[in-house]
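Peer 1: Sequence isn't available, so here's the structure alone:
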């Protein structure tokens, strides 16, 4: 299993648009995508226009299949138009957990 962390910094006033017009309509579809075990949206307390997605994928191939999908392409195009800075993303694996 891998975990994917994506940091998105939105333009002032665009976070609400993202939540309503992009995230709400797509979240169930992303969570139901083959290989996706978990996906959540987080907000940075010190900068409310900075959001993160944290998702768990069965394998790098499952994540890549999602990234090549029409669902991702559509969702990401809408998201990217609202960003103030280039998104940052990391794929990680757990080395130690309780």
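Peer 2: That came in fine, so what should we check first? Predicted model only: the values in this text are computed from it and were never measured.

Peer 1: could you show me where the helices are in this protein, in order?
Peer 2: Taking DSSP state H, the helices of the chain run over residues 15-17, 24-31, 60-67, 70-80.

Peer 1: Among these, which comes closest to residue 44?
Peer 2: When the helices of the chain are compared by CB to CB, helix 15-17 sits nearest residue 44, at 10.7 Å. (C-beta placed from N, C-alpha, C; glycine too.)

Peer 1: distance of residue 50 from residue 67?
Peer 2: Counting by CB to CB, to the nearest Å, the separation of residue 50 from residue 67 is 22 Å.

Peer 1: Would you mind telling me which of the two has more residues around it?
Peer 2: The neighbour comparison of residue 50 against residue 67 (other CB atoms under 10 Å) goes to residue 50, with 17 against 13.

Peer 1: and the more buried one, what does it touch?
Peer 2: By CB atoms under 8 Å, 6 or more residues apart in numbering, the contact list for residue 50 reads 7, 8, 9, 10, 43, 44.
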